[in-house]
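Enquirer: kindly generate the corresponding structure for this input.
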Amino acid sequence: MNPKKMDTGSKDLISSLPDALICHILSFLSTKDAALTSVLSQRWRNLLAFVPNLDLDNTIYDRPKMGRKRRRHLRKSFKLFVERVMALQGNAPLNKFSLRCKIACVTSPVNRWVLNALERGVVDLDLYISSEHEYPLPPQVLMSKTLVRLKVAGTDEFIIDVKEVSLPKLKTLHMNDVSFADESGAAFGKLVSGCHALEELVMVKMYWDFGGSCSVSNPTLKRLTIRTPNIDEIPESVSFDTPNLVYLDFTDVVAAKYPKVKLDSLVEASVGIKMTPNQVFRGRDLVNRHYGYKLSKVVNATDFIMGISNVKILYLSSQALEALTFCCKAIPVFNNLIHLTIETDQDVDWESLPNLLKNCPNLETLVFEGLHYGDTNQCFDVGYRFKDTNECFVTGADRCVCKPWDGIPVWLSSSPVKKLKVLKFGEVTYYKDDMDKQTDLMNYFVETMPNLEEVVLYYDTPFDSDLEIISHGFQMLEKVASTKCNIQVISDTISFSTTVYSSASSTSGLVFFKNTFPV
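Expert: Below you'll find the model as predicted:
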């Protein structure tokens with residue numbers, strides 16, 4: 001081997017790269033770390049001036065153990081550092097400007113830094129501002145001709161005052177825990193309508209039921225995420241006029257009405273519509289449930305559910321499952337749905353689930369996040385015994401071990417589902433019989449669903465022996481609905497695979513192997 005080809009230890013290969021490529025590499029570092037490279041050699045000293053991305057963060061200095069005097073000194077040093085970087089870069093073009101900053105007064109130089117970034121044609125602006133006083137977003141941000149991505153976050157003292165909006169190139173807008181100066185709803189509508197190329201909108205931890213009515217209207221929007229805080233107020237109306245939306249992540253209190261839900265192109269949806277605590281209390285009341293009381297007299301989510309009924313992939317939170325029970329007059333047919341995920345909760349029954357699954361004629365994959373459910377028959381109090389409880393009776397703090405439904409629902413015996421997956425299988429709750437309920441329910445699925453080809457259980461247990469016991473239990477089933485069903489019981493370290501046949505005389509195979517893949 002030629003020793004000359006091996007003699008690379010004395011050469012600085014990175015420094016031999018072109019300046020543009022080194023600056024591109026430095027752009028992936030925080031600005032503080034990129035600045036530290038200036039001590040490597042004289043050539044590196046001024047490269048920071050041409051780095052197209054600035055990532056500045058003074059929140060790392062806000063640690064109580066440092067003491068007030070120390071934190072004040074570090075914040076002052078941070079200010080001087082940013083000023084020097086800005087001066088060094090001058091008017092050089094800027095691709096991304098990220099600033100995480102805690103400020104104590106409105107005279108902060110933050111605005112000067114943000115305006116400098118805008119003047120240099122910044123494309124990606126990411127601001128996290130935590131202020132002890134009201135901090136308004138500079139209005140020039142909403143008039144940028146170069147911004148493609150805008151993210152603003154902080155606290156509710158971070159105010160967006162929407163006066164004029166012209167963001168012709170903006171494709172992505174993220175707002176997290178900030179507030180609008182105008183709470184009438186006009187500000188939000190004006191902001192969205194002023195983004196003529198907007199493709200993704202994210203609103204998290206923000207109140208958006210301005211004046212009781214909310215509306216999202218944008219023809220270019222493709223992805224929408226709205227997650228509101230927990231509130232007790234019911235919006236008067238919520239509308240969606242987004243014909244090109246393909247992804248929706250929506251968590252909000254069920255509105256009184258949904259006058260327009262135009263989601264013609266929707267492919268995937270994550271739905272977390274929920275009732276107010278007062279509605280939950282009324283909905284779960286024993287007397288009202290026994291006499292068939294429905295909250296749809298007050299609010300009705302049917303129009304919203306109809307609007308998303310063309311999705312292919314759907315995630316429903318446990319709160320949404322509960323809302324379907326009380327706030328949906330009729331569950332529509334989901335002809336296109338092939339993948340459904342259900343979050344379960346030990347205090348939420350599955351009353352709406354049979355009707356939902358019955359209306360999914362092409363469903364291929366069904367995923368449960370846990371196998372918890374409340375007792376449908378509501379036998380919680382001592383001495384209660386109703387005719388429709390199948391003689392279930394509760395004494396003291398014990399709960400009846402009821403199935404989620406009576407008999408064999410049509411959706412089970414004619415289910416098209418081929419793959420059934422359960423996450424958090426075996427997860428322990430405060431109900432002592434919960435593990436038995438989950439195991440019985442899985443046996444019930446395997447014995448009843450005629451098209452099952454694969455069942456995957458992600459078992460929440462540290463003991464490998466638990467997996468073997470569960471897997472052997474499936475082998476002992478006397479009746480299986482499908483011709484052949486492969487069942488995998490998986491933990492973080494080991495996996496058991498069992499093939500169960502419909503004939504009791506057929507042999508079943510059990511294989512276990514160490515996991516080498518993420519679960």
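Enquirer: could you use CA atoms for every contact and neighbour count after this?
Expert: Noted.
Enquirer: now stretch 312-321: buried residues?
Expert: Buried residues in stretch 312-321, defined by neighbour count with 16 or more other CA atoms under 10 Å: 312-321.
Enquirer: so residue 177 touches residue 155, yeah?
Expert: Yes. Counting by CA atoms under 8 Å, residue 177 touches residue 155, with 5.3 Å between them.
Enquirer: number of residues surrounding residue 133?
Expert: 13 (other CA atoms under 10 Å).
Enquirer: look up the pLDDT of it for me, please.
Expert: With respect to pLDDT, residue 133 scores 83.
Enquirer: residue 157 is in contact with that one, correct?
Expert: Yes. Using CA under 8 Å, residue 133 makes contact with residue 157 at a distance of 6.3 Å.
Enquirer: would you list every one of the helices in this structure?
Expert: 3-6, 19-26, 31-36, 68-89, 110-119, 186-193, 277-284, 286-290, 302-307, 318-327, 353-358, 410-413, 434-448, 464-475 (DSSP state H).
Enquirer: just say which of those is most tucked in.
Expert: Mean neighbour count (mean count of other CA atoms under 10 Å) peaks for helix 318-327 among the helices of the chain, with a mean of 25.
Enquirer: quick one: that helix to helix 277-284, angle?
Expert: Angle of helix 318-327 versus helix 277-284, following axes from the mean of the first three to the mean of the last three CA atoms, to 10 degrees, is 60 degrees.
Enquirer: which other helices and strands does helix 318-327 contact?
Expert: strand 339-343 (3 or more CA pairs under 8 Å, 6 or more residues apart in numbering; DSSP states H and E).
Enquirer: for the stretch 201-350 of the chain, give me the ranges with low pLDDT.
Expert: The model of the stretch 201-350 of the chain has pLDDT under 70 over residues 209-211, 284-298.
Enquirer: which residues in it form strands?
Expert: Counting by DSSP state E, counting those that start in this stretch, residue ranges of the strands within the stretch 201-350 of the chain are 213-217, 223-227, 237-241, 247-251, 261-262, 268-271, 313-316, 339-343.
Enquirer: and what of the stretch 51-200 of the chain?
Expert: Using DSSP E, counting those that start in this stretch, strands in the stretch 51-200 of the chain cover 53-57, 96-103, 124-131, 135-136, 149-154, 158-160, 172-176, 179-180, 200-204.
Enquirer: centre of the chain to the fourth one, how far?
Expert: Meaning strand 135-136. Remark: strand 135-136 is offset 28 Å from the chain centroid, using CA atoms, centre = their mean, to the nearest Å.
Enquirer: and what of the fifth one?
Expert: Strand 149-154 has its C-alpha centroid displaced from the chain centroid by 18 Å (CA atoms, centre = their mean).
Enquirer: need the strands of the stretch 201-350 of the chain in JSON lines with distance to residue 498, can you?
Expert: Below are the strands of the stretch 201-350 of the chain laid out as JSON lines (distance: least, CA to CA, whole Å):
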{"stretch": "strand 213-217", "distance to residue 498": "49"}
{"stretch": "strand 223-227", "distance to residue 498": "40"}
{"stretch": "strand 237-241", "distance to residue 498": "46"}
{"stretch": "strand 247-251", "distance to residue 498": "36"}
{"stretch": "strand 261-262", "distance to residue 498": "45"}
{"stretch": "strand 268-271", "distance to residue 498": "32"}
{"stretch": "strand 313-316", "distance to residue 498": "28"}
{"stretch": "strand 339-343", "distance to residue 498": "24"}
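Enquirer: for the ones you listed, which one sits closest to residue 446?
Expert: Proximity to residue 446, assessed across those by CA to CA, is greatest for strand 339-343 (18.0 Å).
Enquirer: who does the closest one pair up with?
Expert: Strand 339-343 pairs in its sheet with strand 313-316 (parallel), strand 365-369 (parallel), by DSSP bridges.
Enquirer: quick one, which of these is nearest to residue 93?
Expert: Among the strands paired with strand 339-343, the nearest to residue 93 by CA to CA is strand 313-316 (41.7 Å).
Enquirer: only the C-alpha atoms, please, for that closest one, written as PDB.
Expert: Extracted C-alpha coordinates of strand 313-316, given in PDB (Å, rounded to 0.1, in the frame of the first residue of the first chain):
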ATOM      1  CA  ILE A 313     -56.400   7.300   7.600                       C
ATOM      2  CA  LEU A 314     -58.200   8.300  10.800                       C
ATOM      3  CA  TYR A 315     -57.100   8.700  14.500                       C
ATOM      4  CA  LEU A 316     -59.800   9.200  17.100                       C
END
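Enquirer: what is the burial count for residue 267?
Expert: Using other CA under 10 Å: residue 267 sits among 19 other residues.
Enquirer: who touches the spatially closest residue to it that is not a sequence neighbour in this structure?
Expert: Closest residue to residue 267 apart from its sequence neighbours, by CA to CA, 6 or more residues apart in numbering: residue 311 at 4.5 Å. By CA atoms under 8 Å, 6 or more residues apart in numbering, residue 311 lies in contact with 266-269, 334, 336-337.
Enquirer: ok, now residue 365?
Expert: Residue 365 is in contact with 338-340, 417-421, counting by CA under 8 Å, 6+ apart.
Enquirer: most neighbours out of the residues you listed, which is it?
Expert: Ranked by the number of neighbours (other CA under 10 Å), the contacts of residue 365 place residue 417 first, at 24 neighbours.
Enquirer: correct me, but that residue touches residue 452?
Expert: Yes. If you go by CA under 8 Å, residue 417 and residue 452 touch, sitting 6.1 Å apart.
Enquirer: which residue ranges form the strands in the stretch 351-500 of the chain?
Expert: 365-369, 419-425, 454-459, 484-490, 494-501.
Enquirer: possible to save the ones you listed as TSV with distance to residue 58 and mean pLDDT?
Expert: Output for the strands of the stretch 351-500 of the chain, formatted as TSV (distance: least, CA to CA, whole Å; pLDDT from 0 to 100):
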stretch	distance to residue 58	mean pLDDT
strand 365-369	39	97
strand 419-425	39	93
strand 454-459	42	90
strand 484-490	44	86
strand 494-501	44	72
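Enquirer: so what's the residue count around residue 152?
Expert: The number of residues packed near residue 152 is 21, by other CA under 10 Å.
Enquirer: let me know the closest of the contacts of residue 365 to residue 436.
Expert: Nearest to residue 436 out of these is residue 421 (CA to CA; 18.1 Å).
Enquirer: which residues does the closest one form beta bridges with?
Expert: In this entry, residue 421 is beta-bridged to residue 367, residue 456, by DSSP bridges.
Enquirer: and it, how far from residue 76?
Expert: 54 Å (CA to CA, to the nearest Å).
Enquirer: stretch 76-89: how far from the chain's middle?
Expert: Chain-centre distance of stretch 76-89: 37 Å, with CA atoms, centre = their mean.
Enquirer: for residue 131, grab the count of nearby residues.
Expert: Counted with other CA under 10 Å, residues neighbouring residue 131 total 19.
Enquirer: skipping its backbone neighbours, what lies nearest it in space?
Expert: Excluding the flanking residues, the one nearest residue 131 by CA to CA, 6+ apart is residue 103, at 5.0 Å.
Enquirer: pLDDT value on that neighbour, please?
Expert: Looking at residue 103, its pLDDT reads 81.
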